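A.B. asks: Quick one, what's the 3D model for this:
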Amino acid sequence: MTTTPTTSTTGPGLAPKPPGPGGPAGPTESARRIREIWVSVRKPLFSVALTLVLGFGIVLLVSDQPLHAYEQLFVANFSTPANFGNLLMRSAPLLLIALGIVFSFRAGVFNVGGEGQLYVGAVAAAATGLALPGLPGPLLITACVAAGVVAGALLAWIPAILKVTWGVDEVVITLMLNFIAILFTSYLVANPLRDPEAYGATSRMLPEQSWLPAIPGLPTGNIGFVIALLLVPAAWLLLFRTVWGADLRAAGTNLRFAETVGVRGRREIILSMLLSGALAGVAGAVYVLGTGHRFEQNFSPEFGLIALTVALLARLHPVGVLLTSLFYAAMLNGAAYMQIATNVPRSLVSLLTGLLVLLMTVEVRRRRRRGQAKEVSA
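C.D. replies: Next up is the predicted model:
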């Protein structure tokens with residue numbers, strides 16, 4: 001009895017038929033990409049929703065206006081153009097630093113030095129603006145942002161080179177560099193950059209042509225958020241659609257195996273840290289040029305630490321980072337509106353943040369246990 005071999009349209013001996021216009025491959029590819037994004041953001045969205053429900057229960061216990069309190073916490077951010085501009089302004093540095101953290105963590109390098117890199121980027125941008133007041137606006141803005149990029153990348157390069165050369169733990173080094181950077185910028189703003197006519201540790205006012213343009217219709221917003229927003233798809237493409245991104249993720253998953261198959265893992269570690277520090281430096285430059293228009297010693301409400309939570313909540317995905325940075329910025333700004341309008345203290349935001357971190361920690365533990373179970377069964 002003779003059996004007739006079946007022919008597969010996708011088998012190894014037959015190339016798949018090129019999809020025509022409107023063929024099935026186009027929608028399938030689009031659906032796959034949408035599914036990929038959804039898988040990345042669904043767990044953060046669930047964690048956020050559960051946190052809001054638990055937080056509402058707490059507000060019920062401490063306030064007789066729980067609905068009004070939540071309205072002020074979130075809806076007030078969109079009540080006026082000025083409030084919405086403040087929301088975008090607050091989210092820009094969080095988004096930029098968190099994008100940098102995505103790259104370093106994906107490479108297996110735990111960069112917790114975003115705060116220090118933010119500070120040196122801000123002070124470098126301020127110093128450049130004060131040193132070159134005669135440049136026209138576009139050139140001066142470009143020079144200030146470039147200075148922030150170089151300063152942030154340089155500070156991130158130190159722990160990267162120590163890690164790949166001598167195996168020094170990057171968490172300890174980046175934490176120490178945070179203190180060094182903040183103290184160094186404190187010296188600069190109290191001495192060569194200090195404004196003698198201002199109260200407190202602030203630099204002189206930057207030339208007006210160095211200020212970032214405002215977003216039309218949003219008097220308190222500036223194009224710093226637009227810059228950060230444009231970097232989201234760029235980060236996604238670089239991370240998931242380039243050979244370098246694949247090498248970086250391979251090095252972060254298993255450095256020894258990646259180097260065995262030809263990936264230059266140590267180079268990827270250094271490059272990821274340089275990129276991470278550069279983005280934090282851009283965040284500092286954007287804040288100085290777009291918000292303060294000068295360097296102020298205590299300008300950051302711990303943006304670096306909050307951005308770390310933002311990136312982890314987004315599961316280290318650029319699209320998720322955009323959503324979580326907006327959420328955190330809404331809570332940070334809404335806390336002030338809520339405290340003014342109701343008797344709920346703004347410390348509720350710290351409680352909500354803690355609940356989010358707790359939920360994400362539980363999820364990480366669950367994923368690790370599932371992975372370990374699969375390894376044992378295999």
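A.B. asks: any idea which helix is longest in the chain?
C.D. replies: helix 25-62 (DSSP state H).
A.B. asks: Would you indicate which residues of that one are buried?
C.D. replies: S40, V41, K43, P44, S47, V48, T51, L52, G55, V59 (16 or more other Cβ atoms under 10 Å). All C-beta atoms are positioned from the backbone trio N, CA, C, and that covers glycine.
A.B. asks: How about the contacts made by the fourth one?
C.D. replies: For P44, the contact set (Cβ atoms under 8 Å, 6 or more residues apart in numbering) comprises L313, A314, R315, G320, L323, T324, M360.
A.B. asks: Report how many residues lie close to the fourth one.
C.D. replies: Around G320 sit 24 other residues, with neighbours defined as other Cβ atoms under 10 Å.
A.B. asks: any chance you could read off phi and psi for the closest residue to it other than its chain neighbours?
C.D. replies: Leaving aside its sequence neighbours, G320 sits nearest to A314 (Cβ to Cβ, 6 or more residues apart in numbering; 3.0 Å). Main-chain dihedrals, A314, degrees, to the nearest 10: phi -80, psi 0.
A.B. asks: Stretch 251-265: end-to-end distance?
C.D. replies: This stretch, stretch 251-265, spans 5 Å end to end (Cα to Cα, to the nearest Å).
A.B. asks: Now do the buried residues in that stretch.
C.D. replies: By neighbour count on 16+ other Cβ under 10 Å, the buried set for stretch 251-265 is A251, G252, L255, A258, V263, G265.
A.B. asks: try stretch 80-92
C.D. replies: Here stretch 80-92 shows N83, F84, G85, N86, L87, L88, M89, R90, S91, A92 as buried, counting by 16+ other Cβ under 10 Å.
A.B. asks: Format those as JSON lines; extra columns: secondary structure, distance to T142 and pLDDT.
C.D. replies: Listed next are the buried residues of stretch 80-92 as JSON lines, based on DSSP: H, G, I helix; E, B strand; the rest coil; distance: Cβ to Cβ, whole Å; pLDDT from 0 to 100:
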{"residue": "N83", "secondary structure": "helix", "distance to T142": "30", "pLDDT": "93"}
{"residue": "F84", "secondary structure": "helix", "distance to T142": "27", "pLDDT": "95"}
{"residue": "G85", "secondary structure": "helix", "distance to T142": "24", "pLDDT": "95"}
{"residue": "N86", "secondary structure": "helix", "distance to T142": "26", "pLDDT": "95"}
{"residue": "L87", "secondary structure": "helix", "distance to T142": "26", "pLDDT": "95"}
{"residue": "L88", "secondary structure": "helix", "distance to T142": "22", "pLDDT": "95"}
{"residue": "M89", "secondary structure": "helix", "distance to T142": "21", "pLDDT": "95"}
{"residue": "R90", "secondary structure": "helix", "distance to T142": "24", "pLDDT": "94"}
{"residue": "S91", "secondary structure": "helix", "distance to T142": "23", "pLDDT": "96"}
{"residue": "A92", "secondary structure": "helix", "distance to T142": "18", "pLDDT": "97"}
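A.B. asks: out of the contacts of P44, which is most surrounded?
C.D. replies: Neighbour counts for the contacts of P44 (other Cβ under 10 Å) peak at T324, which has 29 neighbours.
A.B. asks: Name the helix or strand for that one, please.
C.D. replies: helix 318-341 (DSSP states H and E).
A.B. asks: Give me the secondary structure label for the closest residue to G281 other than its chain neighbours.
C.D. replies: Spatial nearest neighbour of G281, excluding adjacent residues (Cβ to Cβ, 6+ apart): G152 at 2.2 Å. Secondary structure, DSSP: H, G, I helix; E, B strand; the rest coil: G152 is helix.
A.B. asks: G152 and L60, how far apart?
C.D. replies: Separation of G152 from L60 (Cβ to Cβ, to the nearest Å) stands at 43 Å.
A.B. asks: picking that back up, since we're on the residue nearest to G281, how many residues are nearby?
C.D. replies: When counting by other Cβ under 10 Å, one arrives at 36 neighbours for G152.
A.B. asks: Kindly report the same for the one 4 residues further on.
C.D. replies: Using other Cβ under 10 Å, A156 has 33 other residues around it.
A.B. asks: Please apply the same query to the one 5 residues further on.
C.D. replies: Close neighbours of I161, defined as other Cβ under 10 Å, add up to 15.
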